[in-house]
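**Q** Have a look at this prediction, sequence included:
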Amino acid sequence: MKAPSSPAAYIKDHGLLEGETVEAVEELVPTGPSHRKLFVLLEHMKKFRGVTKKLQCDTIDLADVRLLFDSVVEEYPCMRDQLKPNAKIVHSPVFESAVIKVINGGAMSNAEAAAVKRFEVPRCGSKRKAREEDYATQILLAGPSKRAKNGGSVDDISYSSLLKKLPPTSNVYERFFSQCKIVLTPQLTCMPPANFEPLMFLRASGV
């Protein structure tokens, strides 16, 4: 019997190890505070795994991603530099902020409005549509907590629905990172990058 290679594996095997002593791994099995820390660590890992899987959904948009990142930063401040709106990895923070406000129906600054100006579309038939919609529907659509519909309308300016359909940092990359985690098991952590990169390239290419 080999020692558990991760907190999840340890907790899974804990029921089997409990109540019996295996000399080969007895000294490796955590006890006391270390045992409790592993259970706490697993709960944090479950949260990160949930966020990672949600980022791979085809229906998620930039506003959803920003909400997830802000929630993670609020609970784990150490990740602020990596997940904040103006992080170094963000190519155009102003454009991203503008798209999120278009989706959520928030007021934009002059710089944000200029960043998405090319996506403005002429408004037509809005009065007729308002007459056709019943009173309750108009109230719900005008609610401050509701997202803008059909691509977004901010300050009486309509924007193309393409903004809402922009993929957030490519879901394909998120799936690829998940594949890397599956391949790079604890037993393969010593694999040189020169060997690991071609392996993942072939896997992603379907070879």
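**A** Nice, thanks for sending it over. Numbers count the residues shown, from 1 in each chain.
**Q** alpha carbons only for contacts and neighbour counts from here, please
**A** Fine.
**Q** Pretty sure Val90 sits in a strand.
**A** No - applying DSSP: H, G, I helix; E, B strand; the rest coil, one finds Val90 to be coil, outside a strand.
**Q** Please enumerate the strands of this structure.
**A** 120-121, 153-154, 157-159 (DSSP state E).
**Q** Select from those the stretch with the lowest mean pLDDT.
**A** Mean pLDDT values for those show the minimum at strand 153-154, a mean of 56.
**Q** mind putting the strands of the chain in CSV, mean neighbour count and distance to Pro93 included?
**A** Converted to CSV, those look like this (neighbours: other C-alpha atoms under 10 Å; distance: least, C-alpha to C-alpha, whole Å):
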stretch, mean neighbour count, distance to Pro93
strand 120-121, 14, 19
strand 153-154, 20, 19
strand 157-159, 19, 19
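**Q** Of all these, which one is nearest Gln187?
**A** Smallest distance to Gln187 across the strands of the chain (C-alpha to C-alpha): 50.5 Å, for strand 157-159.
**Q** Using PDB, list the CA coordinates for stretch 34-50.
**A** What follows is stretch 34-50, C-alpha atoms only, in PDB (Å, rounded to 0.1, in the frame of the first residue of the first chain):
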ATOM      1  CA  SER A  34      -1.800  18.000  10.200                       C
ATOM      2  CA  HIS A  35      -4.800  15.700   9.700                       C
ATOM      3  CA  ARG A  36      -7.200  18.600  10.400                       C
ATOM      4  CA  LYS A  37      -5.300  21.000   8.100                       C
ATOM      5  CA  LEU A  38      -5.700  18.500   5.200                       C
ATOM      6  CA  PHE A  39      -9.400  18.500   5.600                       C
ATOM      7  CA  VAL A  40      -9.500  22.300   5.600                       C
ATOM      8  CA  LEU A  41      -7.300  22.400   2.600                       C
ATOM      9  CA  LEU A  42      -9.500  20.100   0.700                       C
ATOM     10  CA  GLU A  43     -12.500  22.400   1.200                       C
ATOM     11  CA  HIS A  44     -10.500  25.300  -0.400                       C
ATOM     12  CA  MET A  45      -9.500  23.000  -3.200                       C
ATOM     13  CA  LYS A  46     -13.100  22.200  -3.900                       C
ATOM     14  CA  LYS A  47     -14.000  25.900  -4.200                       C
ATOM     15  CA  PHE A  48     -11.100  26.500  -6.700                       C
ATOM     16  CA  ARG A  49     -12.100  23.400  -8.700                       C
ATOM     17  CA  GLY A  50     -15.700  24.700  -8.900                       C
END
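**Q** I'd like the average pLDDT over it.
**A** Regarding stretch 34-50, the rounded mean pLDDT is 84.
**Q** Please apply the same query to stretch 72-82.
**A** 91.
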